[in-house]
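> quick check, what structure comes out for this input:
(chains A and B, ligands or ions: 2)
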Amino acid sequence: MSLRTLLYSFSQGIQNLFKNGWMSVVSVMTIAVNVFVIVVFYTVVTNIGFMMTEFEKNIGVAVFFQDDTTEAQILELKAMMEKRSEVYRVEYISAEAAWESFKDKYFGQRQELLAGFGEDNPLAKSASLQISLADISKQGTLVQVLKSEPIVRYVRETRDVTYVVEALNKLVTYVSIGLLIILILLALFLISNTIRLAVTLRNEEISIMRYIGARNMMIRGPFLVEGILIGLIGASIPLVLFYYTYPEVVLQIQKSYAILSDYLIFLSRERILQILIPIALGSGAGIGYMGSRITVGKYLKV
Amino acid sequence: MIRLENVTKEYPGGVKALDQVSFKINKGEFVFIVGDSGSGKTTLFKLLLREIEASSGAIYIEDVDIARIHKSKVPKLRRSLGVVFQDFRLLKDRTVYENVAFALEVTETPKSVIRKTVPALLNMVGLKGYEKKKPNQLSGGEQQRVALARALANNPPILLADEPTGNLDPQRSWAIINLLKDINLRGTTVVVITHDREIVNTMKKRVITIQNGRIARDDTRGEYWHELTHSTI
Ligand SMILES: Nc1ncnc2c1ncn2[C@@H]1O[C@H](COP(=O)(O)OP(=O)(O)OP(=O)(O)O)[C@@H](O)[C@H]1O
Ligand SMILES: [Mg+2]
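Ligands and ions are numbered 1, 2, ... in the order given. The predicted structure is shown next:
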């Protein structure tokens, strides 16, 4: 497509958009709804994914040891674990450290209540290795390996929680994809109708262009541009909406589920937009182009 | 310039609009095509423009077999053929200037060339000063001149006119025909479909008569052919 054809297609495409009035508005709105679903879907899925990785890193597997295990043995196991590729990080929490953290967490300012314990550590046997996984799906195998170690007394898994998150992720994905397919079909239908109207309105012009010897791209260009413009305008609406509402929504969620605040870590608006802008504009323009392409192919045979 | 070899066109449904038609039009000729309504004249033009394709036979324009050119080259073929119609086919929402400029815009002509060419074309067809008028502010004859200016915008070697005076009174018809004559004198090959007996008989140009899809007569310096088939027209 030459630059001149492109410029011509743009000016005519924009004119078409206005000539079509309400049909254009309806088409823009369907694209907006479409892209809105994409935006919500993307935001939810990436945030869940993000939370899951954070979560995996933070929790993972906790390993407790037999009474007679020495610190050296534990550190040996730690070194062994660190060599495994699915392991993200291993942290050794000595019995003393566990007790300190317990005291802080449950007695806080009221350390006087602990006087009765004296120098005894009620958690003397609670030394542990906290293993975070880079890949949660390998957890099962890792646990087997750990359990086969003679010094290991008990392995605490976080399986159940990860299952729930994984299932949730899947559900959101399926529902969104189903919804998207329906909405994309609807948008294609409406856009191709808008373009058909534009083609009909310019029928005479098109036939004149044809016998004057306008090239195919010159005839089709304006309609394709119109479709793409509908797509881009439609896609920017949910993006703007996202820009202004996302921080507020995140805040509300964190407030409502304060108990889970450790796990509810959200991606920043800017980080989501980095990916979301190209996705939204790309899919908007893509649906717009396809919708117009369908009509142009059908009604503009040269 | 234009050569037909045994061209037959059968429309879907079985109407044989043209039947084994052969003729040749040389560069610089002025040719009338006459014949009864439904005899196949417009079909002939549509074939030349490759709007439709012949059922059999071959059509050569400037020695190119137009059935063999690729679809993407059809616009180039059409640029070598200027066309005007009985009903002018101007864009009603655009001015005279814009209607003529349109032909140049859609064939990707640079703006600077358009600015120079359009006034020259309007001048040639005698519409200087009409630039800003809309088609509905013009008489039929004036509208046909705009159409003519548009048809000539890309400087085609061949001009096809399908009943260009069909909607005009005799005086305006003559003005258009004289314009076509001028255009022909400048070297453009002109082919005119007409029902106007007086014009054909006065012009003394070549006349190809089509009857039921066949060439019934082909006279250089001919007359409107009516005596043999009809007592009156
Ligand atoms: N698209 C079409 N489909 C089927 N038949 C057609 C089609 N176009 C034209 N015809 C038929 O082909 C024959 C020739 O039509 P054409 O338009 O070429 O006649 P014409 O000589 O231009 O007539 P007129 O002087 O009335 O304009 C007619 O019988 C017409 O009905
Ligand atoms: Mg006709």
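
> where does the stretch 101-250 of chain A have low pLDDT?
Residue ranges of the stretch 101-250 of chain A with pLDDT under 70: A:105-124, A:136, A:158-166.

> show me where it has its strands.
A:128-133, A:152-156 (DSSP state E, counting those that start in this stretch).

> swap in chain B?
Along chain B, counting by DSSP state E, strands occupy B:2-10, B:16-25, B:30-35, B:56-61, B:64-65, B:81-85, B:158-162, B:189-193, B:206-211, B:214-219.

> returning to that earlier point: what's the closest of the strands of the stretch 101-250 of chain A to A:Gln274?
strand A:128-133 (26.3 Å; C-beta to C-beta). In short, each C-beta sits where N, CA and C put it, glycine included.

> sheet-wise, list the partners of that closest one with their directions.
Using DSSP bridges, strand A:128-133 pairs in its sheet with strand A:61-65 (antiparallel), strand A:87-93 (antiparallel).

> between those, which gets nearest to B:Glu29?
strand A:87-93 (87.3 Å).

> now the closest one - C-alpha only, PDB.
What follows is strand A:87-93, C-alpha atoms only, in PDB (Å, rounded to 0.1, in the frame of the first residue of the first chain):
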ATOM      1  CA  VAL A  87      14.000 -25.300  44.500                       C
ATOM      2  CA  TYR A  88      13.900 -21.500  44.600                       C
ATOM      3  CA  ARG A  89      15.300 -20.800  48.100                       C
ATOM      4  CA  VAL A  90      16.000 -22.800  51.300                       C
ATOM      5  CA  GLU A  91      15.900 -21.100  54.600                       C
ATOM      6  CA  TYR A  92      17.100 -22.600  57.900                       C
ATOM      7  CA  ILE A  93      15.100 -21.700  60.900                       C
END
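
> sorry, back to before: highest average neighbour count across the strands paired with strand A:128-133?
Mean neighbour count (mean count of other C-beta atoms under 10 Å in any protein chain shown) peaks for strand A:61-65 among the strands paired with strand A:128-133, with a mean of 21.

> contacts for that strand?
The contact list for strand A:61-65 (C-beta atoms under 8 Å, 6 or more residues apart in numbering or on different chains) reads A:73-74, A:77, A:125-131, A:133, A:139, A:142-143, A:146, A:151-158.

> mind listing what's buried along the lengthiest helix in chain B?
Ranked by residue count, the top helix of chain B under DSSP state H comes out as helix B:170-185. The neighbour-count check on helix B:170-185 (16 or more other C-beta atoms under 10 Å in any protein chain shown) flags B:Arg172, B:Ser173, B:Trp174, B:Ala175, B:Ile176, B:Ile177, B:Leu179, B:Leu180, B:Ile183, B:Asn184 as buried.

> what sits against the closest residue to A:Val35 other than its chain neighbours?
Using C-beta to C-beta, 6 or more residues apart in numbering or on different chains and skipping the chain neighbours, the partner closest in space to A:Val35 is A:Ala235 (4.3 Å). By C-beta under 8 Å, 6+ apart, the contact list for A:Ala235 reads A:Ile31, A:Ala32, A:Val35, A:Ala280, A:Leu281, A:Ser283, A:Gly284, A:Ala285.

> where does the record place the domain boundaries for chain A?
Here the domain assignment for chain A is A:3-55+A:164-298, A:60-157, based on automatic domain parsing.

> picking up where we left off before, out of the strands of the stretch 101-250 of chain A, which is the most enclosed?
strand A:128-133 (a mean of 21).

> please save the CA atoms from that strand in CSV.
What follows is strand A:128-133, C-alpha atoms only, in CSV (Å, rounded to 0.1, in the frame of the first residue of the first chain):
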residue,chain,number,x,y,z
SER,A,128,13.0,-26.4,60.2
LEU,A,129,14.0,-25.9,56.6
GLN,A,130,11.6,-23.6,54.7
ILE,A,131,11.9,-24.6,51.1
SER,A,132,10.4,-22.3,48.4
LEU,A,133,9.8,-23.8,45.0
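
> from the rest of the structure, what touches it?
Contacts for strand A:128-133 (C-beta under 8 Å, 6+ apart): A:56-65, A:74, A:77-78, A:81, A:86-93, A:98, A:139, A:142.

> this completes my enquiry, with thanks.
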